[in-house]
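Enquirer: Need a 3D model of the sequence below.
(one chain, ligands or ions: 3)
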Amino acid sequence: MELQPHPVIPKKKPVLVCILDGWGENDIKDEYNACHVAKTPTMDKLRDQGSKYYRSVLAHGKAVGLPTNDDMGNSEVGHNALGAGKIIAQGASLVDISLEKGTMFTDPGWNYIKPAFASNTLHLITLLSNGGVHSRYDQLLGVMKGAVKDGCKRMRLHILTDGRDVPDGTCHEYLATLQKDLDDFTKAGCDAKVGSGGGRMSVTMDRYEADWGMVERGYNAHILGEAEHTFTDAATALKTLKTADVSDQYIPAFVIIDEAGAPVGAVQDGDAVVCCNFRADRVVEISKALEYENFDSFNRKRFPKMLYAGMMQYDGDLHLPTNYLVPPPLIERTSGEYFAKNGLRTFACSETQKFGHVTFFWNGNRSGYFDEALETFVQIPSDNCQFNEKPLMKAREITAAGKEAMISGKYDVVRVNYANPDMVGHTGDLAATIAACEECDACLKELLDLVDELGGVFLVTADHGNADDMVQRSKKKECLKDADGKPLPLTSHTLAPVPVAIGGPGLPASVELRDDLPEAGLANITGTYINLMGYLAPDEMEPSLVKW
Ligand SMILES: O=C(O)[C@@H](CO)OP(=O)(O)O
Ligand SMILES: [Mn+2]
Ligand SMILES: [Mn+2]
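Expert: Residues are numbered from 1 along each chain as shown. Ligands and ions are numbered 1, 2, ... in the order given. Next comes the predicted model:
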């Protein structure tokens, strides 16, 4: 894995790689494109340098290993591609293939949970939507059908309402679809019901240990059958809890009870529990709570002897969970591994919400280090709030850490991720998202000014779109409005390509962006920053975007 020196670009100078999370280069440049409306003199200046130093690349669909070009990009696949320099069939695609070929139902993970089918209960914990970022309904249906076919007699669904990868308010439709399928299974001899639930941002799906309380609420509802809110059916639960000021993402935990007041879906010894999300970050914590004998992140009170499996194995270093229905993508020989094996020093930093993105996802879904002596990972604690309340987030702190790392002269590459455009974009709050983009741009200026001062080189990019479109649109791309004429917010990512800008005084004059890779995607960026660091990109990676 030896990296060869670049013939033109020198080594040993500060190299900055900056990810503006959720900053798309959208064709639609109207009042609802927060990246466009925001005052962004830094990004404008980069764009004004023209195509030798600024372009966009694809960040969605097949370019990042997703099943179709209708799939929007997301942080997992985006950072996987940015870190690895390869297009890898991702979780969503692998689950599709496994269902299509039927290997899911013959593989070891299925054989592990199957003994529970005849006389115990199969519990499925799932993000209930078709977002394709963490889960998809057709895949959940595939799992349920397979279980019923293999003799499952009792099934309980623990549903996490979305409103983040799909529009807010759609939770009722997804539940109606699920309920119809559950009724069909019940008629066919499998007693199938919703057991518990809650919004994805209030129960179960915390990430990077930002708020274990979320996971505890999920554990209590799904496993113990305990929550403040109880109902005798799920439709009433959602209708009651989703009030005017509560979005699908934030529906509180609820439990479904029978007429006697007992939970219908508490987990008992011998039951099987499957987490049907394929994406790792937001189910690592619940997986630890369901799998680890020794666990002290909260008091589980009761820890039933269950057969737990994930849709995939979520953490390759921790081998978590031990049992899984579909083998995860093998993301090997990433840039991080190359750097470690070549003695190059990496600094990576973000705030909690994106910390694992620039470390874990970047390194091919590995939570550890390739070489701890060469890698410094800094996490700035995120606020726990809805981020439109604090759209500046921790961008200043990330900037300070990135500057310090560059000034120290200790690192061959300094990598930072700004969470603002994405995390605030997910709230659907246009004004706050504009503020988020402006903050990001101002912080980027500070980093680029320092690169200038230090004679370094930079690469600025993003992992997928989000802030670049804040409203739902008709086929003709017109903004959709509600009955009162208010724009319907778009809380999800977009299909937009993302910017790539290079520059800095350390860049030799002959180096510029190639003009012959119109279909380039995020995976082409890896070879690009390896070049900027003064090395030739390995042949196994997608071609670099620069010529010299
Ligand atoms: O918040 C998340 O989990 C996803 C959206 O589902 O966003 P991102 O891919 O940017 O992390
Ligand atoms: Mn992202
Ligand atoms: Mn996002």
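Enquirer: close to ligand 1, is stretch 54-73?
Expert: No - against ligand 1, stretch 54-73 shows no contacts by C-beta under 6 Å from any ligand atom, the least distance being 7.9 Å. Heads up, the C-betas are built off the backbone N, CA and C, glycines and all.
Enquirer: Quick check, the residue in this structure closest to ligand 2?
Expert: Per C-beta to the ion, Ser75 is where the chain lies closest to ligand 2, at 3.1 Å.
Enquirer: Skipping adjacent residues, who's closest to that residue in space?
Expert: The shortest distance from Ser75 to any non-neighbouring residue, by C-beta to C-beta, 6 or more residues apart in numbering, is to His357 (4.9 Å).
Enquirer: what does the stretch 251-400 of the chain have sitting close to ligand 1?
Expert: When proximity is defined by C-beta under 6 Å from any ligand atom, the stretch 251-400 of the chain lies next to ligand 1 at Arg282.
Enquirer: What are the boundaries of the strands in the stretch 251-400 of the chain?
Expert: Under the criterion DSSP state E, counting those that start in this stretch, strands of the stretch 251-400 of the chain are mapped to 254-256, 272-275, 307-312, 324-326, 346-351, 375-380.
Enquirer: Those strands: which one's closest to Ala496?
Expert: Checking the strands of the stretch 251-400 of the chain against Ala496 by C-beta to C-beta gives strand 346-351 as the closest, at 21.4 Å.
Enquirer: Look up phi and psi at the residue of the chain closest to ligand 2.
Expert: Backbone torsions of Ser75, given as degrees, to the nearest 10, read phi -70, psi -40.
Enquirer: how near is it to Glu173?
Expert: To Glu173, Ser75 is 26 Å away according to C-beta to C-beta, to the nearest Å.
Enquirer: Hmm, Asn474 is touching Leu480, no?
Expert: For the record, residue 474 is Ser, not Asn. Yes - counting by C-beta atoms under 8 Å, Ser474 sits close enough to Leu480 to count as a contact (5.9 Å).
Enquirer: Looking at these two, which is more packed in?
Expert: Between Ser474 and Leu480, counting by other C-beta atoms under 10 Å, Leu480 is the more crowded of the two (13 against 8).
Enquirer: and that one, what pLDDT?
Expert: Looking at Leu480, its pLDDT reads 98.
Enquirer: same check, this time on Lys390
Expert: Value listed for Lys390 in the pLDDT field: 97.
Enquirer: Phi first, then psi, for the one residue in the stretch 351-500 of the chain that gets nearest to ligand 1.
Expert: For the stretch 351-500 of the chain, the residue closest to ligand 1 is Asp422, as judged by C-beta to the nearest ligand atom, at 4.6 Å. Here is the backbone geometry of Asp422 (degrees, to the nearest 10): phi -80, psi -50.
Enquirer: go on, Asn69?
Expert: Per degrees, to the nearest 10, the backbone of Asn69 is at phi -80, psi 0.
Enquirer: in terms of contact, does it touch Gly132 like I think?
Expert: No - under the criterion of C-beta under 8 Å, Asn69 makes no contact with Gly132, lying 11.8 Å away.
Enquirer: who's more crowded, these two?
Expert: Ranked by neighbour count (other C-beta under 10 Å), Asn69 and Gly132 place Gly132 first, with 23 against 11.
Enquirer: Please determine how far that one is located from Leu495.
Expert: For Gly132 relative to Leu495 (C-beta to C-beta), the value is 12 Å.
Enquirer: what is in contact with the two at once?
Expert: Counting by C-beta atoms under 8 Å, 6 or more residues apart in numbering, the shared contacts of Gly132 and Leu495 are Met72.
Enquirer: Of Ser75 and Glu173, which one has the most company?
Expert: Between Ser75 and Glu173, counting by other C-beta under 10 Å, Ser75 is the more crowded of the two (28 against 13).
Enquirer: count of residues packed around the nearest residue to Leu495 once chain neighbours are set aside?
Expert: In space, and not counting its chain neighbours, Leu495 is closest to His60: 4.7 Å by C-beta to C-beta, 6+ apart. Using other C-beta under 10 Å, His60 is surrounded by 27 other residues.
Enquirer: does His60 really touch Leu66, like I thought?
Expert: Yes - His60 lies in contact with Leu66 (C-beta under 8 Å); the separation is 6.9 Å.
Enquirer: ok and the residue in the stretch 101-250 of the chain nearest ligand 1?
Expert: Residue of the stretch 101-250 of the chain nearest ligand 1, by C-beta to the nearest ligand atom: Val133 (4.1 Å).
Enquirer: Which of the helices or strands spans that residue?
Expert: Per DSSP states H and E, Val133 falls between elements, in no helix or strand.
Enquirer: Show me what Val413 is bridged to.
Expert: Thr346 (DSSP bridges).
Enquirer: what's the pLDDT at it?
Expert: Predicted confidence (pLDDT) for Val413: 98.
Enquirer: Then the one 4 residues further on?
Expert: The score at Asn417 is 98. That number is its pLDDT.
Enquirer: So it belongs to a helix, correct?
Expert: No - using DSSP: H, G, I helix; E, B strand; the rest coil, the assignment for Asn417 is strand, not a helix.
Enquirer: Quick one: residues contacting it.
Expert: Per C-beta under 8 Å, 6+ apart, neighbours of Asn417: Cys18, Ile19, Asp21, Cys349, Ser350, Lys354, His357, Val358, Ile398.
Enquirer: Name whatever forms a beta bridge with it.
Expert: Bridge pairing for Asn417 - DSSP bridges - gives Ile19.
Enquirer: now it: how far from Tyr529?
Expert: For Asn417 relative to Tyr529 (C-beta to C-beta), the value is 14 Å.
Enquirer: now swap in Gly225 and tell me
Expert: 50 Å.
Enquirer: who has more neighbours, these two?
Expert: Set Gly225 next to Tyr529 and count neighbours by other C-beta under 10 Å: Tyr529 wins out with 26 against 21.
Enquirer: follow-up on the earlier one: count of neighbours near the residue nearest to Ser75?
Expert: Neighbour number of His357 under other C-beta under 10 Å is 28.
Enquirer: Which strands and helices lie in contact with whichever helix in the chain runs longest?
Expert: Looking across the chain with DSSP state H, the single longest helix is helix 430-454. Applying 3 or more C-beta pairs under 8 Å, 6 or more residues apart in numbering; DSSP states H and E, we find helix 430-454 packed against strand 15-20, helix 34-37, helix 41-48, helix 395-408, strand 413-418, helix 420-425, strand 457-461.
Enquirer: what sits against Asn69?
Expert: Contacts of Asn69 (C-beta under 8 Å, 6+ apart): His60, Gly61, Lys62, Leu495.
Enquirer: For it, give its distance to Glu519.
Expert: 11 Å.
Enquirer: what does Arg300 give?
Expert: For Arg300, the distance to Glu519 equals 49 Å [C-beta to C-beta].
Enquirer: When the two are compared, which one has more neighbours?
Expert: Taking other C-beta under 10 Å, Arg300 and Glu519 do not tie; Arg300 has more neighbours (17 against 9).
Enquirer: doesn't Ala289 make contact with that one?
Expert: Yes - counting by C-beta under 8 Å, Ala289 is a contact partner of Arg300 at 6.6 Å.
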